[in-house]
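[1] coords please:
(2 chains, ligands or ions: 2)
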Number of protein chains: 2
Amino acid sequence: MKITQRPTSKINDVDFNNLVFGSTFTDHMFQCDFVDGKWKEPEIVPYGPMQIEPSAKVFHYGQAVFEGMKAFKDDDGNAFLFRPEDNWARINKSSARLAIPEFPKEYFMDGMRKLLTMDNDWIKSGDGNSLYIRPFVIATQNGVSASPSNAYRFMIICAPAQAYYSGKVKVVFAQKFSRAADGGVGFAKAAGNYAAQFYPTNLAKADGYDQIVWTDANTHEYLEEAGTMNMFFRVGDTLLTAPTNDRILDGITRKSIIKLAQEAGVTVEVRPVSVAEIKEAAQKGKLLEMFGAGTAAVVVPVESFAHDGVDHKLPSDVSDSYAQRFKKALNDIQYNRAADHHGWRVKI
Amino acid sequence: MKITQRPTSKINDVDFNNLVFGSTFTDHMFQCDFVDGKWKEPEIVPYGPMQIEPSAKVFHYGQAVFEGMKAFKDDDGNAFLFRPEDNWARINKSSARLAIPEFPKEYFMDGMRKLLTMDNDWIKSGDGNSLYIRPFVIATQNGVSASPSNAYRFMIICAPAQAYYSGKVKVVFAQKFSRAADGGVGFAKAAGNYAAQFYPTNLAKADGYDQIVWTDANTHEYLEEAGTMNMFFRVGDTLLTAPTNDRILDGITRKSIIKLAQEAGVTVEVRPVSVAEIKEAAQKGKLLEMFGAGTAAVVVPVESFAHDGVDHKLPSDVSDSYAQRFKKALNDIQYNRAADHHGWRVKI
Ligand SMILES: Cc1ncc(COP(=O)(O)O)c(C=O)c1O
Ligand SMILES: Cc1ncc(COP(=O)(O)O)c(C=O)c1O
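    Ligands and ions are numbered 1, 2, ... in the order given. This is a model prediction of the structure:
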């Protein structure tokens, strides 16, 4: 690995109490080019702009995938990642679906470790503070013909983050637009999946909602996931969540919560969840909680959901909230405040 | 419009008889930035790389749309575009769906006209020769949070082209993967739609096919379009093509062929076309032709189609081939060899 250090850190210019999510980057970044059929020597260089031709395939054909992960620091200054190998495996699953060559595990893990060691001061301790890490791959071949690129760049950039969302959100269940097709790329963290959600989300925001919960594109009868979060529904004391498939991202927060809930003796049903049953549960007062789960936001409780133009409120406080409980359980593992029986926490 | 001319043209370095589609670019490019809520003064500059941050939203969320169009030259050296206002209207339709601000018509038309005047020598006369023109828009705001960009760059780059495909193609009808969801972005020329097709297309190629004809994602029973072409089916003397909807691109070649065919007295049915009826027509010897239609390729005849693992051959020569006839009719208008009753041809 070739390393070029920034002469002086820019960390003192940053106000860590007023961070806008994902907009301030650390001193360094990791990059590795795929050329002539293989990944070349990776390097770490100062974070900054790059030169790229307007004909680069990423601009025209959207051959780009990414990951989102976080580093956490405990009060003794030790830094940790959370299930990083799962992010490595997932970016390669996304890449495969987009005809992008897979990235070697050692390059991913060693590059991240070295980068985070160099930019260690950017990881702040304290609950809610973290370093958001964005590995991604883009197609860099020049040429406007619609075929897979023969050149790629793998990069890791990092942005210090405070807690992502504040408070509860209002969601609306999708009835017209959709996020993913059967046989499509919905399960991949493919760049194009996100742009496709912006316009419908703008419409939802104009109607007073914060987020859309996507439903299956065929019938709009089953609840799938939100823009960057998997969804959980608590009906009575049972926790429901949709199974992953080729339309739904296999979220690491989701599967960690399923595990923690099962270990806590909560009945978890991983099965298609219909709009009808959630509305019925809400009407009968049995829908106690709904929350989104994802790396950026950890857990986001839902205040109300809308369907057919009708708003349904969720109870404003529930005793033993699952959202709060599993958020805390996850954070306790992430910040090294609790034992980690699963081997999820990885010291940097 | 600000203009910066290249000191010397690179045209003499180009072998116009051995062009790889979309990989050689002309001397200049057009660009216009959207900042602070509006499109700034457009400019024409020498074609070349640009500086962009790794956190630019286009790399992460795929907010990018494009167009594909061509300029043609007649034997007297006059250059023409084909229905360029339709491309302008369509890129804005694509942009709207991806929450990208629309681009003003004067900027588009004047910019293109000026650019093509400056790079006029790159448009070669002679059948099959053209200048492929690629307008596109990318999201340039720096920041890895999944929300619409507040900054964009609109660009036009141009690549001289010879005829795109040679000969007939073997296609396979999609039965597992799909291209677009109901309520999705299939009708838009959104960058992510293309990357999503590369992996399934690689699989099809490994099986000996050139292209996939996509079917509806719900049932795979209806034929939609190919990767960069709309599809036509000739059953007896009737020409069939799928209606456009939110999954299918409203192709300019497609609608021009529909018009020319209708005017020539051919019965054209624009309606859902089922796999079953095409197979049945093939078995009865009534499927006389199948062809793709799109700007890059104009018309591409199909040699055989596969479904359920069975190859179905099309007749190798048909008297009065619609594919040949409408390709010629279109080319004659484009190259100024025939009268243009529709106002499709626009002199540069
Ligand atoms: C579409 C989508 N669903 C769900 C998630 C949550 O996944 P994870 O918990 O791995 O962050 C994300 C964010 O990564 C996402 O982009
Ligand atoms: C998905 C898709 N379908 C069809 C077409 C054909 O459209 P047009 O005839 O306007 O080039 C294209 C190419 O532009 C395309 O990308």
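[2] The closest residue to ligand 2 within the stretch 51-200 of chain A: what secondary structure?
    Nearest to ligand 2 in the stretch 51-200 of chain A, going by C-beta to the nearest ligand atom, is A:Ala146, at a distance of 7.3 Å. Every residue, glycine included, has its C-beta placed from N, CA and C. Classification of A:Ala146 using DSSP: H, G, I helix; E, B strand; the rest coil returns coil.
[3] Same question for stretch A:244-263: list its buried residues.
    Going by neighbour count (16 or more other C-beta atoms under 10 Å in any protein chain shown), the buried part of stretch A:244-263 is A:244, A:246-258, A:260-261.
[4] picking that back up, and the residue of the stretch 51-200 of chain A closest to ligand 2, what is it in contact with?
    Neighbouring residues of A:Ala146 by C-beta atoms under 8 Å, 6 or more residues apart in numbering or on different chains: A:60-61, B:194, B:197, B:227-228.
[5] could these go into TSV alongside distance to B:Phe25 and pLDDT?
    Formatted as TSV, the contacts of A:Ala146 follow (distance: C-beta to C-beta, whole Å; pLDDT from 0 to 100):
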residue	distance to B:Phe25	pLDDT
A:His60	13	98
A:Tyr61	17	98
B:Tyr194	19	98
B:Gln197	24	98
B:Gly227	22	93
B:Thr228	19	94
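[6] Of these, which ones also sit close to ligand 2?
    Restricting the contacts of A:Ala146 to those near ligand 2 by C-beta under 6 Å from any ligand atom leaves B:Thr228.
[7] got the phi/psi numbers for the residue located most distally from the centre of chain A?
    Computed with C-alpha atoms, centre = their mean, the residue of chain A farthest from its C-alpha average is A:Lys284, at 33.0 Å. Main-chain dihedrals, A:Lys284, degrees, to the nearest 10: phi -90, psi 0.
[8] Against A:Arg234, how distant is it?
    A:Lys284 is 14 Å from A:Arg234, where distance means C-beta to C-beta, to the nearest Å.
[9] cool, A:Cys32 as well?
    Taken as C-beta to C-beta, the span from A:Cys32 to A:Arg234 is 43 Å.
[10] do the same with A:Leu288
    A:Leu288 is 5 Å from A:Arg234, where distance means C-beta to C-beta.
[11] Same check on A:Lys189?
    27 Å.
[12] what do you get for A:Pro135?
    33 Å.
[13] Look at A:Tyr164 and report its pLDDT.
    A:Tyr164 carries a pLDDT value of 65.
[14] Ok, A:Ala329 next?
    Per the predicted model, pLDDT is 97 at A:Ala329.
[15] and chain A, which residues reach ligand 1?
    Contacts of chain A with ligand 1, taken as C-beta under 6 Å from any ligand atom, map to A:68, A:189, A:225, A:228-230, A:249, A:251-254, A:293-295.
[16] ok, A:Tyr152 - contacts?
    A:Tyr152 sits next to A:33-34, A:63, A:100-101, A:137-140 when contact means C-beta under 8 Å, 6+ apart.
[17] which SS class is the closest residue to it other than its chain neighbours?
    Closest residue to A:Tyr152 apart from its sequence neighbours, by C-beta to C-beta, 6 or more residues apart in numbering or on different chains: A:Phe34 at 4.0 Å. What three-state DSSP gives for A:Phe34 is strand.
[18] Relative to the helix or strand in which A:Ser304 is found, what are the paired strands and their orientations?
    In this structure, A:Ser304 is located in strand A:298-307 according to DSSP states H and E. Using DSSP bridges, the strands paired with strand A:298-307 are strand A:169-173 (parallel), strand A:287-294 (antiparallel), strand A:310-313 (antiparallel).
[19] Give me the next element, helix or strand, following the first one.
    Counting by DSSP H and E, the element after strand A:169-173 in chain order, helix or strand, is helix A:191-206.
[20] ok, and for that next one, which residues are buried?
    Residues of helix A:191-206 classed as buried: A:191-201, A:204 (neighbour count, 16+ other C-beta under 10 Å).
[21] got the contact list for it?
    Residues contacting helix A:191-206 (C-beta under 8 Å, 6+ apart): A:62, A:64-66, A:172, A:174, A:176-177, A:179-180, A:185-186, A:210-212, A:227-228, B:58-64, B:96-99, B:139, B:146-148, B:184-185, B:190-193, B:195-196.
[22] In PyMOL, select just the buried ones from the residues you listed.
    Filtering the contacts of helix A:191-206 down to the buried ones (16+ other C-beta under 10 Å) takes a single PyMOL command:
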select buried, (chain A and resi 62+64+65+66+172+174+177+179+180+185+186+210+211+212+227+228) or (chain B and resi 58+59+60+61+62+63+64+97+98+99+139+146+147+148+184+185+190+191+192+193+195+196)
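[23] Mind checking if stretch A:65-80 is in reach of chain B?
    Yes: Stretch A:65-80 lies within reach of chain B by C-beta under 8 Å from any C-beta of the partner chain, at A:66, A:68.
[24] first vs last residue of that stretch, how far apart are they?
    With C-alpha to C-alpha, to the nearest Å as the measure, the ends of stretch A:65-80 fall 24 Å from one another.
[25] For A:Thr238, grab the count of nearby residues.
    Look at A:Thr238: counted by other C-beta atoms under 10 Å in any protein chain shown, it has 15 neighbours.
[26] my guess is it contacts A:Val270, does it?
    No: contact criterion C-beta atoms under 8 Å: A:Thr238 and A:Val270 do not qualify, at 11.3 Å.
[27] What residue in the stretch 101-250 of chain A comes nearest to ligand 1?
    Taking C-beta to the nearest ligand atom, the stretch 101-250 of chain A has A:Leu249 as its residue nearest ligand 1, at 3.6 Å.
[28] where does that residue land in three-state SS?
    Using three-state DSSP, the structure places A:Leu249 in coil.
[29] tell me the phi and psi of it?
    phi -70, psi 140.
[30] how far away is it from A:Ser94?
    Distance of A:Leu249 to A:Ser94, computed by C-beta to C-beta: 9 Å.
[31] Starting from the helix or strand harbouring A:Pro135, tell me which strands it pairs with and how they run.
    According to DSSP H and E, A:Pro135 maps onto strand A:130-139. In the sheet, strand A:130-139 lines up against strand A:64-66 (antiparallel), strand A:69-73 (antiparallel), strand A:152-161 (antiparallel) (DSSP bridges).
[32] Of those strands, which is nearest B:Pro46?
    Among those, the nearest to B:Pro46 by C-beta to C-beta is strand A:152-161 (24.0 Å).
[33] Which stretches in the stretch 1-150 of chain A count as helices?
    In the stretch 1-150 of chain A, the helices defined using DSSP state H, counting those that start in this stretch lie at A:57-61, A:84-97, A:105-118.
[34] Of those, flag the one that's most buried.
    helix A:57-61 (a mean of 29; mean count of other C-beta atoms under 10 Å in any protein chain shown).
[35] just checking, what packs against it?
    strand A:130-139, helix B:57-61, strand B:64-66, strand B:130-139, helix B:191-206 (3 or more C-beta pairs under 8 Å, 6 or more residues apart in numbering or on different chains; DSSP states H and E).
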